[in-house]
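Engineer: here you go, sequence then predicted model.
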Amino acid sequence: MQNQVELLLVEDNPYDAELTLRALKKNNVANNVIHLWDGEEALDFLYSKGKYADHKTKNYPKVILLDLKLPKISGLEVLKALKADDKLRTIPVVMLTSSKEEKDIVESYRLGVNSYIVKPVDFEKFIETIKDLKLYWLILNQTSSDL
């Protein structure tokens, strides 16, 4: 389990990705984090397809931080695929996005997102948000893989 990916970050914006990775590192969550750039890459990684065909694992991430607006395959489409799959549906998915649009929030929850968080603009607030995410999703929350 040492090499288990604890957190999968799916974020296409280089600035937001760097900000998130810095906040994760500052909160000591930087170990076992995989950053992917689009929805297609995320699904390839989780299903061991494409350039991840050699990546065979039964140890899925403890949590997925998923941006809503991604190239190739949107965050909503990734979410829909995950929640329709018996092997992947139990992975907590946190939509971490800049969208405050009600239709995005409603659709994310309709598709089974576990949490919807709007990215704070202020870096210090963002660090606190990541700290709260770490505390809840990686420490407090119990998953079936913890049993």
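Structural biologist: Structure's in. What do you need?
Engineer: where does pLDDT dip in this protein?
Structural biologist: Within the chain, the ranges that satisfy pLDDT under 70 run 1-5, 30, 57-58, 135-147.
Engineer: beyond the longest helix along it, next helix or strand please.
Structural biologist: Scanning the chain for the longest helix, with DSSP state H as the assignment, gives helix 14-26. Per DSSP states H and E, helix 14-26 leads on to strand 33-36 as the next helix or strand towards the C-terminus.
Engineer: would you put the C-alpha positions of that following strand in CSV?
Structural biologist: The C-alpha coordinates for strand 33-36 follow below in CSV (Å, rounded to 0.1, in the frame of the first residue of the first chain):
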residue,chain,number,x,y,z
VAL,A,33,-0.5,12.8,-5.3
ILE,A,34,-1.0,12.3,-9.1
HIS,A,35,-1.8,15.3,-11.2
LEU,A,36,-3.6,14.8,-14.5
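Engineer: which SSE is immediately downstream of the helix or strand hosting residue 103?
Structural biologist: Taking DSSP H and E as the definition, residue 103 sits inside helix 102-110. Following helix 102-110 in sequence order, the next helix or strand is strand 115-118 (DSSP H and E).
Engineer: alright, I will stop here.
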